[in-house]
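Colleague: Need a 3D model of the following:
(2 chains)
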Amino acid sequence: AQSVTQPDIHITVSEGASLELRCNYSYGATPYLFWYVQSPGQGLQLLLKYFSGDTLVQGIKGFEAEFKRSQSSFNLRKPSVHWSDAAEYFCAVGGLKAAGNKLTFGGGTRVLVKP
Amino acid sequence: GAVVSQHPSRVICKSGTSVKIECRSLDFQATTMFWYRQFPKQSLMLMATSNEGSKATYEQGVEKDKFLINHASLTLSTLTVTSAHPEDSSFYICSAKLAGDFGEQFFGPGTRLTVL
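Modeller: Okay, here's the model as predicted:
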């Protein structure tokens, strides 16, 4: 069975500081991995995804994530956080047709940005 | 990018009534849509997979007679919460999948259901 763990429920970061959100997954095959952001009143927006190839993935809004198979991790990073980055972030795994294209989400990490 | 809408965005109803939530893919055809439920400060839990022209596939523990799903066209799926009770109050989110073996899912903005 596939599962995703986001160890940090909340993270508070100062504006301009760097941000790293942790994600660990369990998956029986090569995983498809995703990071989504959810702002209040809005749907989930895809930040980036990893299917194969280069393990460092660039996404929108200045985010990047690194896939580390040995650690079963897919951590999200941003070098300099903006106040507008305050939101809930979800890591997800899955999406293969063989598994019904289902996504399994982590519990989410709420990011608060201090001025 | 692909846009998915949900209607209504917010609904309040009395206990015992039924509520229908619509999910539409606005600029693409989606043979598969998904319905999720999100409790406050929690993650998304998949409720069911909705396939156009066929019966929905429900996740374990989800009552199919309680949550009726209809996917009548390639751009519309509906979720009807029948005989709603306060414990059904939640945030319901749909997503629509692009065609292909792996098709990216695009998410709707969600519907906040409050049952009094």
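Colleague: State the mean pLDDT of stretch B:70-80.
Modeller: Model confidence over stretch B:70-80, given as mean pLDDT, is 92.
Colleague: Please name the nearest non-neighbouring residue to B:Y92.
Modeller: B:T111 (4.8 Å; CB to CB, 6 or more residues apart in numbering or on different chains). Every C-beta, even on glycine, is put in place using the N, C-alpha and C of the backbone.
Colleague: What number of neighbouring residues does the one you found come out with?
Modeller: Per other CB atoms under 10 Å in any protein chain shown, the neighbour tally for B:T111 reads 22.
Colleague: who's the residue positioned nearest the centre of chain A bridged to?
Modeller: Geometric centre of chain A, nearest residue: A:W35, 3.2 Å, by CA atoms, centre = their mean. When assigned by DSSP bridges, A:W35 has beta-bridge partners A:L48, A:C91.
Colleague: Any idea which residue is closest to the centre of chain B?
Modeller: Using CA atoms, centre = their mean, the most central residue of chain B is B:W35, at 3.6 Å.
Colleague: Name the nearest residue to that residue, sequence neighbours excluded.
Modeller: B:W35 sits nearest to B:M47 (CB to CB, 6+ apart), 4.6 Å away.
Colleague: hang on, the earlier thing: which residues does the residue nearest to the centre of chain A contact?
Modeller: Going by CB atoms under 8 Å, 6 or more residues apart in numbering or on different chains, A:W35 touches A:21, A:23, A:46-49, A:59, A:63, A:65, A:74, A:76, A:89-92.
Colleague: which of these lies closest to B:S89?
Modeller: A:F90 (21.5 Å; CB to CB).
Colleague: partners of the worst-scoring helix or strand of chain A on mean pLDDT, with directions?
Modeller: Across the helices and strands of chain A, mean confidence by mean pLDDT, DSSP states H and E is lowest for strand A:103-105: a mean of 91. Partner strands and pairing direction for strand A:103-105 (DSSP bridges) are strand A:87-94 (antiparallel).
Colleague: quick one: contacts of the strand it pairs with?
Modeller: The contact list for strand A:87-94 (CB under 8 Å, 6+ apart) reads A:2-4, A:6, A:21, A:23, A:25, A:27, A:31-40, A:44, A:47, A:74, A:76, A:101-106, A:108-111, B:43-44.
Colleague: Buried ones from those, can you make that a ChimeraX selection?
Modeller: Buried members of the contacts of strand A:87-94, defined by 16 or more other CB atoms under 10 Å in any protein chain shown, are picked up in ChimeraX with:
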select /A:2,4,6,21,23,25,27,31,32,33,34,35,36,37,38,44,47,74,76,101,102,103,104,105,106,108,109,111 /B:43,44
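Colleague: Which ones among the contacts of strand A:87-94 map onto strands?
Modeller: Of those, the ones assigned to strands by DSSP state E are A:3-4, A:21, A:25, A:33-38, A:44, A:47, A:74, A:76, A:103-105, A:109-111, B:44.
Colleague: which parts of chain A sit against chain B?
Modeller: Residues of chain A lying close to chain B by CB under 8 Å from any CB of the partner chain are A:32, A:36, A:41-46, A:49, A:51, A:90, A:95-97, A:100-108, A:110.
Colleague: element containing B:C23, please.
Modeller: strand B:19-25 (DSSP states H and E).
Colleague: so where's chain B uncertain?
Modeller: B:1, B:101-102 (pLDDT under 70).
Colleague: Show me which residues of it are close to chain A?
Modeller: So chain B meets chain A at B:4, B:6, B:32, B:34, B:41-44, B:46, B:49, B:57, B:93, B:95, B:97, B:101-110 (CB under 8 Å from any CB).
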